[in-house]
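Chemist: Give the three-dimensional model of this entry:
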Amino acid sequence: MGISGLFPFLLVLELLAPPALLTPLHPICDPRVMDKYILEAQWADQDIARVCAASCGLSETVQVPDTKRARQASEVWGGLALLLTALSQAQERHPATLDQLARMRSALLSVREILRSVNVEADARLLDTPPTPTLNIRTVEKLLSIYLNFLRGKANLYITEACRNYAR
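Modeler: Next comes the predicted model:
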């Protein structure tokens, strides 16, 4: 088949091929995005364990979300705010863990943007619920543990549900 036969062949192929869906999954709703943040948190856990051989105690307690509770929207938004504040406080007190804590903070800011982009911020602000349950902690290691549980649990589940609703 020469070049002159190529055009009719392509035309027939186009007519016979089933139409493709033109609406791919919203890129931020790809589960691999949250998996990446969780994997980075696990790497940070290993790095901080190495840096804080004995303990990286904080000079004062910081509040973090209690990740064992079940209310979703308000706790995810409240948890994000608490963790961002706690990470900032820990960064000021432990320069040795600055890079890891900065990456964790950046990931949380990205999670917040994911939630905003699937239009769940307004829903969360309208909820009339009690404040997010908190825990007081005194070590960077415990902060990282809460952070990792938050990403694996509440944030991941909430984003999955928000993306499911966004796709409808």
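Chemist: Got the phi and psi for residue 138?
Modeler: phi -130, psi 10 (degrees, to the nearest 10).
Chemist: Neighbours of it, how many?
Modeler: Neighbours of residue 138 under the rule other Cβ atoms under 10 Å: 15. (Each C-beta comes from the backbone N, C-alpha and C, glycine too.)
Chemist: I'd say it and residue 56 touch.
Modeler: No - contact status for residue 138 versus residue 56: not in contact, 9.8 Å apart, counting by Cβ atoms under 8 Å.
Chemist: In a strand, residue 61, correct?
Modeler: Yes - Residue 61 sits within a strand when classified using DSSP: H, G, I helix; E, B strand; the rest coil.
Chemist: okay, now it: neighbour count?
Modeler: 13.
Chemist: what's the burial count for the residue lying closest to it once chain neighbours are set aside?
Modeler: Distances taken as Cβ to Cβ, 6 or more residues apart in numbering place residue 136 nearest to residue 61, at 4.1 Å, with adjacent residues excluded. Close neighbours of residue 136, defined as other Cβ under 10 Å, add up to 10.
Chemist: repeat for residue 63
Modeler: Residues within reach of residue 63, counting by other Cβ under 10 Å, total 15.
Chemist: tell me the pLDDT at it?
Modeler: Note on residue 63: pLDDT of 85.
Chemist: how about the nearest residue to the most centrally placed residue in the chain, chain neighbours excluded?
Modeler: Per Cα atoms, centre = their mean, the C-alpha nearest to the average position across the chain is that of residue 111, at 3.8 Å. Nearest residue to residue 111, sequence neighbours excluded (Cβ to Cβ, 6+ apart): residue 155, at 5.5 Å.
Chemist: So the one you found: helix, strand or coil?
Modeler: Here residue 155 is recorded as helix under three-state DSSP.
Chemist: For it, which residues are in contact?
Modeler: 34, 76, 79, 80, 111 (Cβ atoms under 8 Å, 6 or more residues apart in numbering).
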